[in-house]
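**Q** Coordinates for the following, if possible.
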Amino acid sequence: MSVKSPMKTKNLSRVRNMGFVAHIDAGKTTVTERVLFYSGKIHRMGEVHDGQATMDWMPQEQERGITITSAVTTCEWNNHEVHIIDTPGHVDFTIEVERSLRVLDGAVVILCAVGGVEAQTETVWQQCRKYHVPAMAFINKLDRVGADFQSVIGQIKTRLEAIPLPLQIPCYENDTFRGVIDLVSMKLHVWDDTMGSSFETTSIPEDRLGEAALAREQMLELLADYDDEIMDLFLAGEQVDEKKIRQAIRRTTLEEHLMPVLCGSALRNKGIQPLIDGIIDYLPSPLEVKPVLAHLKTNKEEISVSPDPKGPLVAYVFKVYVDEGRRMVYLRIYSGVLNVGDEVYNTTRDITERIARLFAMHAHNKQRIEQASAGDIVAAVGLKDSITGDTLAEVGQTLVLEALDVQKPVISVAIEPKSSESSDRLQEAIRKIMEEDPTIRVHEDPDTGQVILAGMGELHLEIALDRFRTAFGVDINVGRPQVLYCATVDKVSQAEKVFDKLIGEAAHYGNVELTIKPASRGSGNVFSLDKTLDNGLREHIVTGLEEACLADPEFGYEVVDIEVQVNRIVLTDKTTGQGLKIAAQMALQEAIKKAGVIQLEPIMELDALSPEDYVGDVVGDLSARKASIEGVVTKGKHHLIKAYVPLSNTFGYSTALRSLTRGRGSFSMRFSGFDKA
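**A** Down below sits the predicted model:
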């Protein structure tokens with residue numbers, strides 16, 4: 001093990017690990033670009049629509065004007081170090097948001113002032129709640145026609161089921177968005193400079209004072225519900241000073257009671273500096289979040305990992321990316337110090353690896369560093385076998401952090417190399433792309449021998465196929481997209497199987513009786529066995545049950561959402577683990593066949609936005625696609641149609657909607673779950 005260099009001290013209270021999350025086209029990357037510009041990290045603002053944004057560095061991102069992969073950067077503001085992850089907003093790349101939030105301490109949910117809370121916003125908000133990430137909101141695009149600040153506040157309450165705490169309200173002059181009224185300081189911030197580098201803080205105009213005073217009173221009233229000191233001052237009718245208000249906002253945000261709301265227009269360079277101040281003032285440092293939980297592999301004991309640079313090394317692999325043939329592994333360091341040349345132990349895989357180089361990342365640009373410590377987000381080179389979800393520790397440690405939950409793919413295509421010479425390159429490219437993206441699965445169809453590439457949506461597969469050609473230099477033929485179905489049962493059934501055969505020269509015996517019944521949709525498979533059973537035999541039986549669920553006996557689809565109760569296991573002198581495994585597999589397959597296989601298909605939650613004149617046509621088209629229409633909501637001059645539609649019926653919907661609405665309609669989708677086909 002290399003000798004560690006002297007540790008540089010870092011004030012963790014002045015570190016912020018945060019991310020921008022939102023629905024596609026809400027303005028995450030534009031906001032990030034402004035934050036980097038005003039903090040001095042970059043000296044020219046690039047625009048997403050020009051393909052020049054710093055954080056959208058992949059060719060595929062620049063061509064399409066969307067974020068595909070989460071990008072990491074660091075900037076400084078008011079003597080604080082801010083690590084930022086800009087995440088994608090498209091439903092197909094939800095894993096990028098999931099693994100980013102897994103390692104972040106705080107988040108800013110960006111909302112479009114016109115679109116409000118959209119489908120993917122709900123998804124990312126649920127991910128924030130899942131990982132207990134304190135969040136604030138930024139209502140963007142207040143300069144656009146149809147912007148409605150109060151409507152978005154209402155949607156935060158109803159659709160996100162969060163309690164918004166507006167700290168600012170927009171200020172308009174002759175229908176032009178001029179600036180924001182700060183309810184904490186009761187001042188007006190106005191941006192006149194076209195670059196937005198400076199802004200003027202003035203008194204609130206007379207005609208807006210009443211509205212501002214009412215909004216401030218509502219803010220204090222909300223804070224008083226969660227803060228006794230504010231409550232006492234508020235009830236006594238006394239003035240509450242700014243410092244106390246900011247302390248209360250910070251406390252209630254960190255405790256996830258309230259969601260502070262700021263506003264502005266990133267494209268017009270308004271509202272960004274107060275947003276960065278808000279990140280510093282209201283989002284947590286690594287010292288203020290709940291210590292991450294790990295467990296010991298030896299006895300499963302839970303251990304909390306404190307963010308201490310002097311503690312033992314604990315780091316989490318949250319992303320792998322192959323860049324120009326070099327394998328970059330992104331790490332969040334929770335405890336201890338990591339030096340170039342250190343040997344680290346991958347406790348998830350029981351392997352030892354060496355850190356060859358460390359980098360502080362700025363999107364695609366790398367700055368070499370010699371050391372990283374608790375609270376840092378860095379990239380490492382030299383880790384050949386570590387993948388997303390792995391834990392790195394000091395040699396001899398057995399701490400393991402919780403792995404990521406990865407959703408099942410819902411769509412697939414058949415792929416093959418265009419030439420026999422490309423076959424080996426294709427296999428290597430498949431291995432690399434699966435390491436980068438855990439939601440991509442590749443397998444060989446046992447009936448046709450075709451290689452099947454599966455992912456989260458049409459765009460997801462399109463990007464993966466494009467990267468085969470551009471990043472890995474493999475030309476491939478591609479088949480038509482196919483929906484991935486699942487199977488389940490809706491009846492109770494029972495089966496018993498005896499396996500008694502020679503495998504090679506060894507005799508194997510097993511006798512298993514079990515009962516299956518349907519479980520609630522999306523709950524997964526549950527296996528119940530006698531707790532007194534020997535652990536070795538238990539593992540064999542569970543393996544047999546898992547293998548039986550890989551393909552149902554009728555269609556060959558993966559079996560999901562069943563409860564299996566192993567009623568009886570006959571143990572004799574002849575019983576072997578392999579025999580029990582095969583007997584369990586045969587019994588479950590027989591029980592599934594008896595119950596009758598129910599085919600499940602992926603269902604998408606779809607939000608279609610249409611001008612009023614074309615709503616009837618859009619609803620009619622969705623009905624023809626066997627969609628379940630949930631409702632139609634008026635949004636200014638447009639109508640939002642909410643529906644649930646089978647994924648198999650959404651192919652080509654983008655073109656159809658444009659045709660129906662004369663190019664004025666738009667839509668978004670997210671995976672809702674599996675249901676009966």
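
**Q** C-alpha from now on. contacts and neighbour counts both.
**A** OK.

**Q** Kindly list the main-chain dihedrals of Y557?
**A** Reported as degrees, to the nearest 10, the phi and psi values for Y557 are phi -90, psi 160.

**Q** got the contact list for it?
**A** 485-487, 550-551 (C-alpha atoms under 8 Å, 6 or more residues apart in numbering).

**Q** mind redoing it with 10 Å?
**A** By C-alpha atoms under 10 Å, 6 or more residues apart in numbering, the residues touching Y557 are 484-488, 549-551, 597, 599-600.

**Q** in the protein, which ranges drop under the pLDDT threshold?
**A** 1-9, 45-68, 193, 446-448, 636 (pLDDT under 70).

**Q** the strands in the stretch 251-400 of the chain, which residues?
**A** With strands called from DSSP state E, counting those that start in this stretch, the stretch 251-400 of the chain shows them at 259-263, 292-296, 302-305, 314-323, 326-335, 337-339, 343-346, 351-354, 357-362, 365-369, 371-373, 377-381, 391-393, 399-401.

**Q** again with the stretch 401-550 of the chain
**A** Going by DSSP E, counting those that start in this stretch, the stretch 401-550 of the chain shows strands at 411-417, 441-444, 451-455, 476-478, 482-483, 486-488, 493-503, 506-518, 526-528.

**Q** neighbouring strands for the third one, and are they parallel or not?
**A** In this case it means strand 451-455. strand 411-417 (antiparallel), strand 441-444 (antiparallel) (DSSP bridges).

**Q** rewinding a little: most packed of the strands of the stretch 401-550 of the chain?
**A** Mean neighbour count, computed with mean count of other C-alpha atoms under 10 Å, is highest for strand 486-488 among the strands of the stretch 401-550 of the chain, reaching a mean of 27.

**Q** And that one, what does it pack against?
**A** strand 558-559, helix 577-595, strand 598-611, strand 666-676 (3 or more C-alpha pairs under 10 Å, 6 or more residues apart in numbering; DSSP states H and E).

**Q** Now do the next helix or strand after the shortest one against helix 577-595: the angle between them, please.
**A** Translated: strand 558-559. Per DSSP states H and E, the first helix or strand lying C-terminal to strand 558-559 is strand 562-569. Interaxial angle, strand 562-569 versus helix 577-595 (axes from the mean of the first three to the mean of the last three C-alpha atoms, to 10 degrees): 130 degrees.

**Q** rewinding a little: right, so of the strands of the stretch 251-400 of the chain, which gets closest to V72?
**A** Of all the strands of the stretch 251-400 of the chain, strand 357-362 sits nearest to V72, with 6.0 Å by C-alpha to C-alpha.

**Q** relative to strand 326-335, how tilted is that closest one?
**A** 90 degrees.

**Q** CA-only coordinates of strand 357-362 in CSV, if you can.
**A** Coordinates of each C-alpha in strand 357-362 appear next as CSV, following Å, rounded to 0.1, in the frame of the first residue of the first chain:
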residue,chain,number,x,y,z
ARG,A,357,-5.0,8.9,-11.4
LEU,A,358,-7.6,11.2,-9.8
PHE,A,359,-9.4,14.0,-11.6
ALA,A,360,-11.6,16.9,-10.5
MET,A,361,-14.2,17.0,-13.3
HIS,A,362,-15.7,19.9,-15.2
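
**Q** partners of that strand, with directions?
**A** Assessed with DSSP bridges, strand 357-362 is paired to strand 365-369 (antiparallel), strand 377-381 (antiparallel).

**Q** coming back round to it: would you format the strands of the stretch 401-550 of the chain as TSV with distance to R357 included?
**A** Putting those into TSV (distance: least, C-alpha to C-alpha, whole Å) gives the following:
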stretch	distance to R357
strand 411-417	34
strand 441-444	30
strand 451-455	32
strand 476-478	34
strand 482-483	42
strand 486-488	43
strand 493-503	49
strand 506-518	50
strand 526-528	43
